[in-house]
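Enquirer: predicted model, plus sequence, below.
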Amino acid sequence: MTRDRGTLAGPRPRGHGTTTIAGAALVLGFLGVFFAWPVVAILRLGLRSGIDEVLTRPDTWRIVAFTLGQAAASTVVALLAGMPLAYVLARVPVPAKAVLRALITVPFVLPTLVVGMAFRALLGVSEPSAWAIVLANAFFNIAVVARTVGGLWAQLDPRATDAARGLGAGPFRAFRTVTLPALRPALWSAAAVVFLFCSTSFGVVLVLGGGRYRTLETEIYLRTVRLLDLPGAAVLSLLQFAAVLAALAVAAFARRRRESVLTLRRARGITRRPSGVEWVTVTAAGAVLLALSAPILALLVRSVSSRTGWTLAGYRALSGTGGVLDVSGWQAAWNSLRAATDATWMALLLGILACLVLTSLRNRWATELMDAALMLPLGVSAVTVGFGYLVTLHVLPGDLRTSPLLVPFAQALVITPLVIRTILPVLRSVDQRVRSAAATLGAGPWRIRREVDLPLAGRAVVTAAGFGFVVALGEFGATGFLARPGAPTLPVAISALIGRPGELNTQMAYAACVLLMLVTAGAVLVIETLRSDLSGEF
Amino acid sequence: MRRSTARRTRAALAVAVTLLIAGCSLTGTGRDPENRTVTLVTHDSFAMSDELRQRFERDSGFELRILRKGDAGELTNELVLTRDAPIGDVAFGVDSTYLSRALDEDVFASYRPEGAAQIPIKYAFGANARPTPVDAGDVCLNIDLGWFEQHDVPPPEKLADLVEPRYRGLFAVPNPATSSPGLAFLLNTVDTFGEPGWRNYWRQLLDNDARISSGWQEAYNQDFSGSSGEGPRPIVLSYASSPAAEIGPDGQPRTRALLDTCYRQVEYAGVLNGTDTPKGARELMDFMLSWKFQSRIPEQMYVYPVVMGVELPESWQRAAPLPESSNQMKPERVERNRAEWIRQWRSLATG
């Protein structure tokens, strides 16, 4: 294995400069219209006065410190908990692995309000608690680690580890010196995404922080939405922006130093029964799985309990149309599936295009800059983007501010970085020599894409699609903002139900949560089927 | 390498299903070229049955489109930001807490709907014809009747009682900075105890172990013992109408709103300045003050109708009567001080 020979430095397939530029223009154009323009417009509205007043208040810096601290702690917890799961997904022959994947993915889509309430009940915390915030953030993001890292791990050639073991390295040493360096691109990708998610997590901090623990995101929300203090919000947004850029720079730096060319192969046939200390990892994975299941089980139990005992009233009411909801739970589930589908294909289109551009660009700085730009939507407050839309998008034909298309657009903006971070590590790990060999043999650039990159990245693309789809299913910020009445998605329905008094409404809300979990698990299972079919291709 | 036929079929099927979902899901409904669509911008709690909606569309000939925008505060701020290019034709849900901001920014056009004469004067601030009150909700303390019976403690009667030692650790309230009913409660304490008395009251309240949660949902569904969540605390800040949703199998309400602790929030609707469908907008305003719409307000939105003579549902008359006198504050005073009161509250509550 060639260590520390970044693909960025390797020779590139030649002759498709125009295509690359066109692709870059399309991706950056979308980003410019649906992200940069609205954000800059709303910041400009705010940045007229009072910057120094916000910056000189000690409060502001306390909030910055807490934001970064809790995000870093959550990221560490998510990494520690996610790695054993990634190992099991990649290397251990578990029966019904698709079910396991589905279970791991479910936490990611649950509405934060509901999970926050489940955590409050489970941890027995009634007072605001920083630890509860960290644990809940990690709970949401373990799936990111398990899936991003597990995806690359499954495709690593196990022979390198075997060779190290054969040469006398213990299992831990083999992991540390062979496997871990190979996994680094995916680890840093996952860490960057999780850190960004955690530093901007809103519902979790609000519910479990109870107003005492404040992050930049909750402050921006408060000042924008409730106080219309646009100057204050703008300054805080800039601070958040700076923090995110710093985090991205650190991740990019670490990634560049570590990224290496890997020998990838198809995943089938490289799982085996764990032996010796590997059982420790499997046990740890089991423990994490149990911990993940606790809030899920709590929601299940709540959905069938009433003051007088067990009941299915919530489920029965959910299949009818009476009460608070305009539509049945099934209809809401269908609406969720449709919106998520639109968001997914948009994000895939953008994400794959972006990945191709990123691996084709010859200028290192251009690559890094574009990579960072594509990650920014994860780090900027949804409120800032949303209010930015209000002051800009009416200029476009069709007044997109009130178009139902805006939901999938906004969701796609959230998912695209995930798609990129899932596909790019795999694409970058492709040995450049294979491409060069193909080029030498006379293959054109698109042929190389088709014959070399696509088969190797195919599984990552399907993983990304599945993950993006699932995120869109559970997305609430943008959806709640713009969903059509008469066509609520499941998360919108849950929030409507939980906002009403009455036992039946509460039961229906929890039943709708269970339905959301089932829809998610079902979607993941379908995607897994697709994925295993695809791997038969090569 | 060739795949087996079965696998290929399965993959093709999965792809086909995906494409099918994708194909039929892009349903764009841009603005109607003839402007037979009227757009109502409102908050998340707005609810209107299909039957009512169809009735409006049949009677007026306009198609009704509804955009939901967070809560009353968020809605108002969005209306202010989009003043020059409104996102709809009618807005519903700006409440008395935010009314003044909407008026200052000239968001609403002047229109006096049919039926406006039937609204009692107590709901209207000033003689202005824009916008128009549509419903009223009262934010009051709610108590768990069973708990007070079992523990042989007399229920509190007024806000000042809550700081007594015997109510220590019994009260749950949502954060005024992040929740609309929480803000109403803060305004109620300012109105009741004045400046600077309200800050002193809150200090005593916090010393008496009042629990603050971020939203109404947590306070009511998790901390309150009278809801199905069966939390530990028998006193919660909620709405005068909440007991109507807590009627037991025996037909008796399990909770009660303390009618001497209420703060009234009136919700308004108005035609937006700059609408390109003024006729449709007026039709919609008239409809919202019609008997048909007003009589469905309690069951759909858990608030009280404002038009005189519209009767409450039977269960409401029993469990959730409208408080006779509620505190309220002039919108201009709220607008002038809201940000500062929230800031002061935050510094004393979160240290």
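Expert: Yes, it's here.

Enquirer: every contact and neighbour count from this point should use C-alpha atoms.
Expert: Will do.

Enquirer: in the chain, which spans are strands?
Expert: No chain was given, so I picked chain A. A:305-306, A:309-310 (DSSP state E).

Enquirer: not what I meant, chain B
Expert: Going by DSSP E, chain B shows strands at B:37-42, B:63-68, B:90-95, B:132-144, B:171-174, B:211-213, B:235-239, B:255-257, B:263-271, B:304-305.

Enquirer: how about those strands, which one is nearest residue A:520?
Expert: strand B:63-68 (25.4 Å; CA to CA).

Enquirer: could you name the helices and strands sitting against the closest one?
Expert: When contacts are defined as 3 or more CA pairs under 8 Å, 6 or more residues apart in numbering or on different chains; DSSP states H and E, strand B:63-68 sits against helix A:477-482, strand B:37-42, helix B:50-60.

Enquirer: tell me how far that strand is from the chain's mean position?
Expert: Relative to the chain's own centre, strand B:63-68 is displaced by 18 Å; criterion: CA atoms, centre = their mean, to the nearest Å.

Enquirer: swap in stretch A:367-387?
Expert: Using CA atoms, centre = their mean, the offset of stretch A:367-387 from its chain centre is 13 Å.

Enquirer: stretch B:73-84 now?
Expert: Distance of stretch B:73-84 from its chain centroid, counting by CA atoms, centre = their mean, is 17 Å.

Enquirer: quick one: residues in contact with that stretch.
Expert: For stretch B:73-84, contacts defined as CA atoms under 8 Å, 6 or more residues apart in numbering or on different chains pick out A:225-226, A:228, A:387, A:390-391, B:41-43, B:69, B:86-87, B:93-94, B:98, B:101-102, B:105-107, B:180, B:273-274.

Enquirer: CA atoms only: put it into CSV for me.
Expert: C-alpha atoms of stretch B:73-84 as CSV (Å, rounded to 0.1, in the frame of the first residue of the first chain):
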residue,chain,number,x,y,z
GLY,B,73,-43.7,35.9,16.8
GLU,B,74,-42.0,34.2,13.8
LEU,B,75,-45.1,34.9,11.7
THR,B,76,-45.0,38.6,12.6
ASN,B,77,-41.3,38.9,11.9
GLU,B,78,-41.7,37.2,8.5
LEU,B,79,-44.5,39.5,7.6
VAL,B,80,-42.3,42.5,8.5
LEU,B,81,-39.4,41.2,6.5
THR,B,82,-41.6,40.5,3.4
ARG,B,83,-43.5,43.8,3.7
ASP,B,84,-42.4,45.0,0.2
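
Enquirer: buried residues in that stretch?
Expert: Buried residues in stretch B:73-84, defined by neighbour count with 16 or more other CA atoms under 10 Å in any protein chain shown: B:73, B:74, B:75, B:76, B:77, B:78, B:79, B:80, B:81, B:82, B:83.

Enquirer: repeat for stretch A:49-66
Expert: Neighbour counts over stretch A:49-66 (16+ other CA under 10 Å) mark A:54, A:60, A:63, A:64, A:66 as buried.

Enquirer: could you check the pLDDT of the second one?
Expert: Going back to what we said before, that points to residue A:60. Here the pLDDT value assigned to residue A:60 is 88.

Enquirer: residues from the stretch 51-200 of chain A in reach of chain B?
Expert: Contact residues (CA under 8 Å from any CA of the partner chain) of the stretch 51-200 of chain A with chain B: A:117, A:127.

Enquirer: how about stretch B:180-188 and chain A, any contact?
Expert: No: Stretch B:180-188 does not reach chain A (CA under 8 Å from any CA); its nearest approach is 9.3 Å.

Enquirer: if we can go back for a sec, and of the strands of chain A, who's closest to chain B?
Expert: strand A:305-306 (6.9 Å; CA to the nearest CA).

Enquirer: mind listing what the residue nearest the centre of chain A touches?
Expert: The centroid of chain A falls nearest to residue A:418 when counting by CA atoms, centre = their mean (5.1 Å). Taking CA under 8 Å, 6+ apart, we find residue A:418 in contact with A:193, A:464, A:467, A:468.

Enquirer: can we see that at 7 Å?
Expert: Neighbour list for residue A:418: A:464, A:468 [criterion: CA atoms under 7 Å, 6 or more residues apart in numbering or on different chains].

Enquirer: return the per-residue confidence for it.
Expert: Per the predicted model, pLDDT is 84 at residue A:418.

Enquirer: and residue A:359, which of the strands of chain A is closest to it?
Expert: Per CA to CA, nearest to residue A:359 of the strands of chain A: strand A:305-306, 53.2 Å.

Enquirer: what number of residues are in the vicinity of the closest residue to residue A:300 other than its chain neighbours?
Expert: Spatial nearest neighbour of residue A:300, chain neighbours left out: residue A:514 (6.4 Å); criterion: CA to CA, 6 or more residues apart in numbering or on different chains. Residues within reach of residue A:514, counting by other CA atoms under 10 Å in any protein chain shown, total 21.

Enquirer: next, count neighbours for residue B:196.
Expert: 9.

Enquirer: what does the one 5 residues further on give?
Expert: Burial of residue B:201 is recorded as 20 neighbouring residues (other CA under 10 Å).

Enquirer: any idea how far it is from chain A?
Expert: 19 Å (CA to the nearest CA, to the nearest Å).

Enquirer: ok, now how distant is the residue located most distally from the centre of chain A from residue A:118?
Expert: Within chain A, residue A:308 marks the point farthest from the mean C-alpha position, 40.1 Å out by CA atoms, centre = their mean. Computed with CA to CA, to the nearest Å, the distance linking residue A:308 and residue A:118 is 21 Å.

Enquirer: cool, and residue A:208?
Expert: Separation of residue A:208 from residue A:118 (CA to CA): 10 Å.

Enquirer: what does residue B:167 give?
Expert: 27 Å.

Enquirer: cool, residue B:51 as well?
Expert: Taken as CA to CA, the span from residue B:51 to residue A:118 is 36 Å.

Enquirer: what score does residue A:479 have for pLDDT?
Expert: So, for residue A:479, pLDDT stands at 57.

Enquirer: what's in contact with stretch A:96-115?
Expert: Outside stretch A:96-115, the residues that reach it (CA under 7 Å, 6+ apart) are A:139-141, A:143, A:203-204, A:207, A:470-471, A:473-474, A:491, A:517, A:520-521, A:524-525, A:528.
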